[in-house]
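S.K.: the following comprises the amino acid sequence and a computationally predicted model.
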Amino acid sequence: MPVQLNHTIVYAGDQQRSAEFYARLLGLTVQPRFGPFLPVTTANGVTLDFAEAGEGPVAPQHYAFLVTEEEFDAILGRIEEAGLTHYADPHLRRAGEINHNDGGRGVYWQDPDGHVLEIITRPYGSAGRTG
């Protein structure tokens, strides 16, 4: 079997709030608790296991999601409905814009703990690929 990402832990100040935030915006479902984790599973089977960060601030991470054009529109709509600012760049400088990297579309936004989330419709580097 080729190597595949199965799950990753997303530390949060409030794991319930964060799991619901991701699930609502991405159109996913919070799964039943698994030990100390609240899982949210993506369409390709990768699970985001939300865990309480404990004391102190959460170290921000970056999570990128490859989505279809239709999913992009739906997610962007939910981001805007939630009153969140989205950006065209990972440094969060181009507010309200969409990037068109590799001939697709992409945006970034932040979760309640400062993690930077990204949706893209084309994988990076895919513009010159064939087959």
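M.R.: Right, received. Where do you want to start?
S.K.: what about the closest residue in space to Ala59 that isn't next to it in sequence, is that helix, strand or coil?
M.R.: Using C-beta to C-beta, 6 or more residues apart in numbering and skipping the chain neighbours, the partner closest in space to Ala59 is Tyr11 (7.3 Å). C-beta coordinates here come from the backbone N, C-alpha and C atoms, glycine included. Look at Tyr11: counting by DSSP: H, G, I helix; E, B strand; the rest coil, its state is strand.
S.K.: isn't Tyr11 right up against Pro57?
M.R.: No: between Tyr11 and Pro57 there is no contact under C-beta atoms under 8 Å: 10.0 Å.
S.K.: so which of the two has more stuff around it?
M.R.: Neighbour totals were compared for Tyr11 and Pro57, and Tyr11 leads with 18 against 9 (other C-beta atoms under 10 Å).
S.K.: how much space between that one and Glu55?
M.R.: 12 Å (C-beta to C-beta, to the nearest Å).
S.K.: surely Gly96 touches His86?
M.R.: Yes: counting by C-beta under 8 Å, Gly96 touches His86, with 7.0 Å between them.
S.K.: overlap in contacts, these two.
M.R.: Shared contacts of Gly96 and His86 (C-beta atoms under 8 Å, 6 or more residues apart in numbering): none.
S.K.: comparing the two, which shows the higher neighbour count?
M.R.: Neighbour totals were compared for Gly96 and His86, and His86 leads with 22 against 10 (other C-beta under 10 Å).
S.K.: Ala59 belongs to a strand?
M.R.: No: read with three-state DSSP, Ala59 is coil and lies in no strand.
S.K.: any idea how far it is from Ile9?
M.R.: Distance from Ala59 to Ile9, by C-beta to C-beta: 12 Å.
S.K.: now swap in Leu92 and tell me
M.R.: In terms of C-beta to C-beta, Leu92 sits 23 Å off from Ile9.
S.K.: what does Leu117 give?
M.R.: 16 Å.
S.K.: these two: who's more crowded?
M.R.: Taking neighbours as other C-beta under 10 Å, Leu117 and Ile9 compare with Leu117 leading, 22 against 13.
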